[in-house]
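Colleague: what's the 3D shape of this:
(chains A and B)
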Protein chains: 2
Amino acid sequence: MNSHHYGLILAGGRGTRFWPRSRRRSAKQVLNVVGERSLIQGTVDRLATLIPPERIWVLTNHHLRETIGEQLPEVPKRQILAEPAQRNTAPAIGLAAHILHSLDPEAVMGVFPSDQVVAAPRAYRAALRAALKGAGAGRLMVLGIQPRWPETGYGYIEFPRGAAPGGKEPIPVRRFHEKPELRKARRYVAAGNYYWNSGMFFWRADVLLEQLRRHLPKTATILAALPGFRSREFDQRMQQTFPLCENISIDYAVLEKADNVSGIPAADFGWNDVGSWNAVYELGSRDDCGNVIARESVCLDAHRNFVDARGKMVALLGVQDLIVVDTPDALLVASRERAQQVGDVVKALEQRKREDLL
Amino acid sequence: MNSHHYGLILAGGRGTRFWPRSRRRSAKQVLNVVGERSLIQGTVDRLATLIPPERIWVLTNHHLRETIGEQLPEVPKRQILAEPAQRNTAPAIGLAAHILHSLDPEAVMGVFPSDQVVAAPRAYRAALRAALKGAGAGRLMVLGIQPRWPETGYGYIEFPRGAAPGGKEPIPVRRFHEKPELRKARRYVAAGNYYWNSGMFFWRADVLLEQLRRHLPKTATILAALPGFRSREFDQRMQQTFPLCENISIDYAVLEKADNVSGIPAADFGWNDVGSWNAVYELGSRDDCGNVIARESVCLDAHRNFVDARGKMVALLGVQDLIVVDTPDALLVASRERAQQVGDVVKALEQRKREDLL
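Modeller: This next block holds a predicted model:
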């Protein structure tokens, strides 16, 4: 364990595709959609032997800060920050880099989404160690995951031809590719040197700040002008100036422009970004008919359905490939192939100003 | 209004096809699945100008007696009887005939299922008047409904060729036909002299008792031995001896054997026996996509669904032809074409001894 290694968990998302279980105050990352612990708790648990909770930082929003504090009692409260406004990942990561660098000039940070699951945490940590080592040496490091299927919902990292999965040495990244169409995704998987972009990044705080100065000068200037993190004025000034930062992802702002990006092409460690109810279905344990459903159920000629309806008897009769999610004030019934569009329901509720259901 | 006319409402059924809304203590007939009033309240309301509540009698079971009493405050409590055991319709009707005849030797009774709806009550009452008139003259009267489609879920009454709908004179019944297969049902409808068997019957109490003596002597003997209805011993003796009656329907026991059965071939008065959730769907008002659903809903590319989920936002996404019924302790999601098999869910719960859900 290296005492200069820090974890930044990005937990500002809403996860509207998990409505009606996800709400502003109970977004996807604080839900236990898979297993007993919430997704963000799972993220902290997984890191613990590599980066202990005392060196974990969380960036979230004011809706979720309290819940996350309750779910992560071992993470110091001061390290759970609410962004004054959503400005995508570049300003958020920049802010954390600024603070970490001010507290520890040798800080190396790993950036982790808060809403992923990993089936093989040992292999995951082995890949992380390799990535942190590359970061410590001054590289901008990304983590690629060997693709299991031609997923169109992920971006891809292109390594040089012949990059073998599971290596421990950083390999220069040739290019980043946005979410592809299916034909392209198939080509990527067949080629062998394209990896899923996991959204996990690793770098020294000072290296990242230097990149921001070069590629995102306005944000860099705003961050540089902040008073010391431990000073009384920090919060107020941050509230005022953070919203002025560019609204841009770290991928666009830095990674696609920088020339020293390397990566670890990791063998698959059972990574899943839990992108929709369908992912929860895929992760769940199925009955003989392929249904993922609580034991409290009657399934008659029902196949491949996903049901989340806690504390209630559910009966399925002659239905296939459905998503059924029940909560005290809302019920979703969707076709599994529409799992990606559940967010459209939330948009419809926003238009109707149904704040109580958002 | 003829003061010798009595109504007997048969309300002993369970209506398991309406689970999870229907339970032993809230069977179909006491639910407001269509409109604001329950089905049994609707039945009493419809009859009121023909047979007032003071001359309505109800036969039900001990699970429902109290609820029915509450729903029908205008019907004298003493006239709401709980059968000691379910013995199908012949003993139940026989019991009512015995009591009515003992109180009023000139009693003419109409027998009404408790769980039907009628869209045109004036036409309904006109048909009833004709049937009661025929019954008063000593006939066993049935009420046929001009079929709107080749329904396979109803029995049929065959009148002589040329029997026109809407006549007021009793016409001799040629034969009763059980629920037919689709091809046969189509032939019936094309022929023009086959009518749906509504399950409504009309006769003088003394005429029916005579028929029972002839065709169901055991039940007739048991009934004849009962003490006076107003005596103290009546209830106890009825409890003891009623379960010894034959378990048989009035159709098999009497109607198919008697030679003086006549009927009124009624023009359709919007009759519906509300046989399943699908019938409720057919009776409901639909949105532009053919969904029957509360206003509190979001439907995205969802068509022809029936949803009953009171006090809760329901979102449907990319689903078709579903039945969704939500209650505090149970949720049903079924294909509409399986509406007739919802009772199988109840059977499965019985096997698991889930009394709390029955």
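Colleague: and the pLDDT for the residue nearest to the spatial centre of chain A?
Modeller: Taking C-alpha atoms, centre = their mean as the criterion, A:Pro113 is the residue nearest the geometric centre of chain A, at 2.4 Å. A:Pro113 is assigned a pLDDT of 97 by the prediction.
Colleague: separation between it and chain B?
Modeller: With distances taken as C-beta to the nearest C-beta, to the nearest Å, A:Pro113 is found 25 Å from chain B. Bear in mind the C-beta positions are built from the backbone N, C-alpha and C, glycine included.
Colleague: OK, contacts around that residue?
Modeller: A:Pro113 makes contact with A:9-10, A:43, A:199-200, A:273 under the criterion C-beta atoms under 8 Å, 6 or more residues apart in numbering or on different chains.
Colleague: partners of it in the sheet?
Modeller: A:Leu10 (DSSP bridges).
Colleague: please list the residues of chain A that sit near chain B.
Modeller: Counting by C-beta under 8 Å from any C-beta of the partner chain, chain A comes close to chain B at A:19-20, A:298, A:300-301, A:305, A:309, A:312-319, A:322, A:324, A:326, A:328-335, A:337-338, A:341-342, A:344-345, A:348-349, A:354, A:357.
Colleague: from the residues you listed, which ones fall inside strands?
Modeller: A:298, A:300, A:313-317, A:322, A:324, A:326, A:330-335 (DSSP state E).
Colleague: now for those, which pair is the farthest apart?
Modeller: Longest distance between any two of those is 25.8 Å, between A:Leu300 and A:Ala330; criterion C-beta to C-beta.
Colleague: so which of these two has more stuff around it?
Modeller: Neighbours were counted for A:Leu300 and for A:Ala330 using other C-beta atoms under 10 Å in any protein chain shown; A:Ala330 has more, 23 against 18.
Colleague: so for A:Gln86, what's the pLDDT?
Modeller: The model reports A:Gln86 with a pLDDT of 89.
Colleague: phi, psi of it?
Modeller: Main-chain torsions, A:Gln86, degrees, to the nearest 10: phi -80, psi 120.
Colleague: excluding its backbone neighbours, what's nearest it?
Modeller: Once flanking residues are discounted, A:Gln86 sits nearest to A:Gly12: 6.1 Å by C-beta to C-beta, 6 or more residues apart in numbering or on different chains.
Colleague: which SSE is the one you found in?
Modeller: Following DSSP states H and E, there is no helix or strand that holds A:Gly12.
Colleague: neighbours of the residue of the stretch 51-200 of chain A found nearest chain B, how many?
Modeller: Residue of the stretch 51-200 of chain A nearest chain B, by C-beta to the nearest C-beta: A:Gly153 (17.6 Å). Neighbours of A:Gly153 under the rule other C-beta under 10 Å: 13.
Colleague: what's the closest non-adjacent residue to it?
Modeller: Nearest one to A:Gly153, counting by C-beta to C-beta, 6+ apart, is A:Gly275 at 5.8 Å.
Colleague: mind checking the SS state of the one you found?
Modeller: Put simply, A:Gly275 is coil when judged by DSSP: H, G, I helix; E, B strand; the rest coil.
Colleague: and for A:Ile93?
Modeller: A:Ile93 is classified as helix under three-state DSSP.
Colleague: ok, it touching A:Leu208?
Modeller: Yes. Using C-beta atoms under 8 Å, A:Ile93 is in contact with A:Leu208, at 6.9 Å.
Colleague: is the residue of the stretch 51-200 of chain A closest to chain B in contact with A:Gln340, as I believe?
Modeller: Yes. Judged on C-beta under 8 Å, A:Gly153 makes contact with A:Gln340 at a distance of 7.4 Å.
Colleague: domains of chain A: list them as residue ranges, please.
Modeller: Annotated domains of chain A cover A:5-272, A:277-357 [automatic domain parsing].
Colleague: let's have those in JSON lines, adding distance to B:Arg122.
Modeller: Converted to JSON lines, the domains of chain A look like this (distance: least, C-beta to C-beta, whole Å):
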{"stretch": "domain A:5-272", "distance to B:Arg122": "46"}
{"stretch": "domain A:277-357", "distance to B:Arg122": "39"}
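Colleague: shared neighbours of A:Gly153 and A:Gln340, which are they?
Modeller: By C-beta under 8 Å, 6+ apart, the residues touching both A:Gly153 and A:Gln340 are A:Gly275.
Colleague: so where do the helices sit in chain A?
Modeller: Per DSSP state H, chain A carries helices over the ranges A:39-47, A:65-71, A:89-103, A:121-136, A:182-191, A:205-215, A:217-224, A:234-241, A:250, A:277-283, A:342-351.
Colleague: as TSV, these with distance to A:Gly162 would be great.
Modeller: Shown next, in TSV, are the helices of chain A (distance: least, C-beta to C-beta, whole Å):
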stretch	distance to A:Gly162
helix A:39-47	30
helix A:65-71	42
helix A:89-103	31
helix A:121-136	18
helix A:182-191	11
helix A:205-215	27
helix A:217-224	37
helix A:234-241	46
helix A:250	28
helix A:277-283	31
helix A:342-351	39
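Colleague: for those helices, give me TSV that also has mean neighbour count.
Modeller: As requested, the helices of chain A are arranged in TSV below (neighbours: other C-beta atoms under 10 Å in any protein chain shown):
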stretch	mean neighbour count
helix A:39-47	22
helix A:65-71	17
helix A:89-103	23
helix A:121-136	20
helix A:182-191	14
helix A:205-215	20
helix A:217-224	18
helix A:234-241	14
helix A:250	24
helix A:277-283	20
helix A:342-351	18
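Colleague: in JSON lines, list those helices along with mean pLDDT.
Modeller: Conversion of these to JSON lines gives the following (pLDDT from 0 to 100):
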{"stretch": "helix A:39-47", "mean pLDDT": "97"}
{"stretch": "helix A:65-71", "mean pLDDT": "97"}
{"stretch": "helix A:89-103", "mean pLDDT": "97"}
{"stretch": "helix A:121-136", "mean pLDDT": "96"}
{"stretch": "helix A:182-191", "mean pLDDT": "95"}
{"stretch": "helix A:205-215", "mean pLDDT": "97"}
{"stretch": "helix A:217-224", "mean pLDDT": "96"}
{"stretch": "helix A:234-241", "mean pLDDT": "94"}
{"stretch": "helix A:250", "mean pLDDT": "95"}
{"stretch": "helix A:277-283", "mean pLDDT": "92"}
{"stretch": "helix A:342-351", "mean pLDDT": "96"}
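Colleague: what's the top strand by length along chain A packed up against?
Modeller: Secondary structure of chain A per DSSP E: the longest strand is strand A:194-204. On a contact count with 3 or more C-beta pairs under 8 Å, 6 or more residues apart in numbering or on different chains; DSSP states H and E, strand A:194-204 meets strand A:108-113, helix A:121-136, strand A:140-145, strand A:156-158, strand A:261-266.
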